[in-house]
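Engineer: can't give you the sequence, but here's the structure:
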């Protein structure tokens, strides 16, 4: 049945397809006669899939089948066909849901969200792309907004490259959850966006199941990168040469062109806002992960671990010191009672540390990538930041319920996420139904449904839930393992009706469960989880010394990902499961604040073949998506509902009293029509603006009667319709033209008056700007003040070192000075609050070093960024005999030095040890000289001794002199001279040191008995 709208477009009315329901099924599952039958549900899916009708409704929920082939239903013409059309007017489509959501946002001024879920390979990512494409094409736009649309679309291939991978079920499986907000201005144009990512599958970086691949970006780089690029990264094209890419034994996939996808990603990155330097830094990180996987370890005779492969390229790509990285990969730093201890790792621990670093580097880089995309999509104009002027449509592309042959920590988190979303889904669906019934004045009937809150509480309840127990077991001191976690679960939640283990199960269940598994009875069915790896994956910790190395990376991306505060902060970060739970709680809060729409994606077969319908697999997904539960909730009352005008417009030819036109109240017209059609009282109800029909059969009979009467209606309508339409169109055109012209004229006149008044006030204010504040100049002075404060807000100094400040107008000089003082005081207060005691100690030493060496020593600027150490000597490097000799005087600082004799200047290696009251020079196990700080003189030769000065050479001279000066409390007595300096050989006898610039460091006896020091820098 065809209808022509006022723009001349021909469209298929949804009810019109009911006449072909035996062949193509019904377009809305709500209209199924036997709605409680799962077999009828699946048969309806099969019929529609056979006819390439991949979309079906369950009320307002869209069910989408993956056709595994291209269908000609996504063209610009199709977009125009669905644009501005009511949801149920034409056949189901992803564009219908997109347009309905968009119009609801525009008309109701309320934020919307679209929740897309389904198994891997069901088409979730493609559905989100189609929705974004629809908005990019159909929404009003200009050049700037078109650029934003490009960035929104171009962010998809980048996120897919870094977050998607080939799995057994899907060649382009999203291995992370994604929620994207698209922000629209008051005109309905997209002006900004924001992405949240959830639970990236970091374990895939180091391990893949057979037949699966690592993340796409690794293969794209090797296959599509230029030869020069790969040479710079020290990479080879063959993926088989990299341990992290061979675990799945699937380097090539016929359906994926890594080379072409690489070109797409490289084109997309500049569009999003990546600079060439950022792209190179990003590629360095990707290459470093591959090199990290090829890092091999050996084991010595005493069990110590060492690296057997060259890691210089790895260190270069990571931007870190090679020796520090080598040390961090084979040793672990522990802190006990304020003291740090470094212990070697065994072979297994070293490999685990390497893999943990690879996962941390990739996972944090992915988070940085999302942040970078968000910066590109963020709103730029302040005018749009007002909540009154803009609205949001959210897109949630999240993993569906997963049941694999072996289910682990990742499946536990994914299925917990689906439990929460199912709980929210049923809650919001029921609320929406109840609100519609109450709005229409129809009595609400209580709906019986399975409330899965009991399962959510089992997982997330505080102190007693599975996640809390998992965290406790990870934090418990002593020997903990995955089996002890399982035992703790049995003791704590063993009596829960939805929890089973091998120990608690009956004989029949024990035969299909291992002793290392526990079973949860989810809303969608039973799932067995193997606890092996639960504790490690939940800890997700990186050794502290590896963090310290990464903090000092020259790669700006990595230095952003690994912050120095993370090393200083002793607080333990949240566990992975708790982080996921908290982010999921925030997500549900976001979704509750919006009006939801739903897309449920189903894949028809595992072989990715078009036209093949696997009933067992489809039934499995229908169950896990909760579609039958949703249908029962939707059908608990009335199966069909339409607004009075739509119902009357369609079926008025069936009643003589309503045909061709009804001139009374719409409700009276509908009542007259249904009485004529013989509807019984129990078959329908009239609300305030809609008619509700309880049984689909009633609607089918009405549709059949209409189909039979179409020939007769057509003859009558042709003659009457042409004349009526012409008259109506002419009248409408005249009314619209006159009204529009009048409105435009009134608007023009009003704008001119306002502009003239504004210009007068501004000019008058400028003339009297130096006078007292009054009616003549208040507007101009207020504007000047407002402009200054607005400019000041944008240009406030960001750090205590920034002394810049905008120049104020004369009327705000005093206020500007007060604001500048307040802002500086606020920045200082904030900075002081976050300074760690250890960092404060560093800063005090650096300040003293600055007072002594700034503008005095050439190498001082390079030393500012290097941290001073507590000691340059390890505890075992200091002789135990010396420590015993010192007694209660503990060594505060130690460093290796070279002492030169005062006669002959012969070099002798020594250790300089500083205590609180004196310093000692040590030769191996013997104290050669003790220097009391009180004996240090500050006359013509500062820091000299009565019996003659010491001549010492040290590689860490700035650090050593600073610490010695602070302990001796003689920071003002350090003598620094270029060229030459005098020193005391003995009482009354002087010596001279000459400093000369040369290619390499050399200390020798020069002419006239002087000590000659040759160095690249004089000081």
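Structural biologist: That came through, no problem. Since we're looking at a predicted model, the values are computed, not measured. Residues are numbered from 1 along each chain as shown.
Engineer: Would you state the helices of the stretch 401-550 of the chain in chain order?
Structural biologist: 409-440, 453-460, 466-475, 482-493, 507-510, 534-539, 544-551 (DSSP state H, counting those that start in this stretch).
Engineer: Could I get those helices in JSON lines, plus columns for mean neighbour count?
Structural biologist: For every residue, glycine as well, the C-beta is placed using N, CA and C. Output for these, formatted as JSON lines (neighbours: other C-beta atoms under 10 Å):
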{"stretch": "helix 409-440", "mean neighbour count": "19"}
{"stretch": "helix 453-460", "mean neighbour count": "18"}
{"stretch": "helix 466-475", "mean neighbour count": "20"}
{"stretch": "helix 482-493", "mean neighbour count": "17"}
{"stretch": "helix 507-510", "mean neighbour count": "11"}
{"stretch": "helix 534-539", "mean neighbour count": "20"}
{"stretch": "helix 544-551", "mean neighbour count": "21"}
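Engineer: show me where the stretch 801-950 of the chain has strands.
Structural biologist: 893-900, 907-914, 918-923, 926-932 (DSSP state E, counting those that start in this stretch).
Engineer: Show me the contact partners of the third one.
Structural biologist: The contact list for strand 918-923 (C-beta atoms under 8 Å, 6 or more residues apart in numbering) reads 878-879, 882, 886, 889, 897, 899, 908-913, 927-933, 950, 964, 967.
Engineer: Buried members of those into ChimeraX, please.
Structural biologist: This is how ChimeraX selects the buried members of the contacts of strand 918-923, with burial counted by 16 or more other C-beta atoms under 10 Å:
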select :878,879,882,886,897,899,910,911,912,913,927,931,933,950,964,967
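Engineer: what about residue 565, distance to residue 834?
Structural biologist: According to C-beta to C-beta, to the nearest Å, residue 565 and residue 834 sit 8 Å apart.
Engineer: count of neighbours near residue 797?
Structural biologist: The tally of other residues near residue 797 (other C-beta atoms under 10 Å) stands at 14.
Engineer: Repeat that for residue 76.
Structural biologist: 9.
Engineer: hang on, the earlier thing: mind putting the helices of the stretch 401-550 of the chain into TSV with mean pLDDT?
Structural biologist: As requested, these are arranged in TSV below (pLDDT from 0 to 100):
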stretch	mean pLDDT
helix 409-440	82
helix 453-460	90
helix 466-475	89
helix 482-493	89
helix 507-510	84
helix 534-539	86
helix 544-551	88
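Engineer: So for residue 206, which of those helices sits nearest?
Structural biologist: Evaluated over those, closeness to residue 206 peaks at helix 534-539, with 12.0 Å, by C-beta to C-beta.
Engineer: pretty sure residue 554 belongs to a helix, no?
Structural biologist: No. According to DSSP: H, G, I helix; E, B strand; the rest coil, residue 554 belongs to no helix; its state is coil.
Engineer: I figured it was touching residue 319, is that so?
Structural biologist: Yes. With contact defined as C-beta atoms under 8 Å, residue 554 reaches residue 319; the gap is 3.5 Å.
Engineer: Which one's more surrounded, the two?
Structural biologist: residue 319 (19 against 12).
Engineer: Tell me, domain by domain, which residues of the chain belong where.
Structural biologist: As assigned by the TED database, the chain contains the domains 1-140+602-637, 409-542, 639-712, 723-768, 787-829, 840-974.
Engineer: Nearest the middle, which residue of the chain would you pick?
Structural biologist: By C-alpha atoms, centre = their mean, the chain has its centre lying nearest to residue 197, at 3.6 Å.
Engineer: ok, back up a step: right, and the helices of the stretch 401-550 of the chain - which one's nearest residue 225?
Structural biologist: helix 544-551 (24.7 Å).
Engineer: buried stuff in the helix or strand just after the closest one?
Structural biologist: Next along the chain after helix 544-551, taking DSSP states H and E as the criterion, comes helix 556-561. For helix 556-561, the neighbour count (16+ other C-beta under 10 Å) marks 557-558, 561 as buried.
Engineer: quick check, nearest of these to residue 495?
Structural biologist: residue 561 (44.0 Å).
Engineer: and the longest helix for this structure?
Structural biologist: Determined from DSSP state H, the single longest helix within the chain is helix 696-767.
Engineer: Return the list of helices and strands in contact with it.
Structural biologist: For helix 696-767, the packing partners by 3 or more C-beta pairs under 8 Å, 6 or more residues apart in numbering; DSSP states H and E come out as helix 644-651, helix 778-794.
Engineer: closest one to residue 425 among these?
Structural biologist: So among those, helix 644-651 is nearest, using C-beta to C-beta, at 27.4 Å.
Engineer: That closest one to helix 696-767, inter-axis angle?
Structural biologist: 130 degrees (axes from the mean of the first three to the mean of the last three C-alpha atoms, to 10 degrees).
Engineer: hang on, the earlier thing: tabulate the helices of the stretch 401-550 of the chain (CSV), appending distance to residue 788.
Structural biologist: Below are the helices of the stretch 401-550 of the chain laid out as CSV (distance: least, C-beta to C-beta, whole Å):
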stretch, distance to residue 788
helix 409-440, 48
helix 453-460, 51
helix 466-475, 52
helix 482-493, 62
helix 507-510, 75
helix 534-539, 53
helix 544-551, 40
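Engineer: Provide the secondary structure category for residue 798.
Structural biologist: When the rule is three-state DSSP, residue 798 gets the label coil.
Engineer: now it: how far from residue 804?
Structural biologist: From residue 798 to residue 804 the distance is 10 Å (C-beta to C-beta).
Engineer: likewise residue 986?
Structural biologist: For residue 986 relative to residue 804 (C-beta to C-beta), the value is 56 Å.
Engineer: Looking at these two, which one has more neighbours?
Structural biologist: Neighbour count, other C-beta under 10 Å: between residue 986 and residue 804, residue 986 has more, with 13 against 8.
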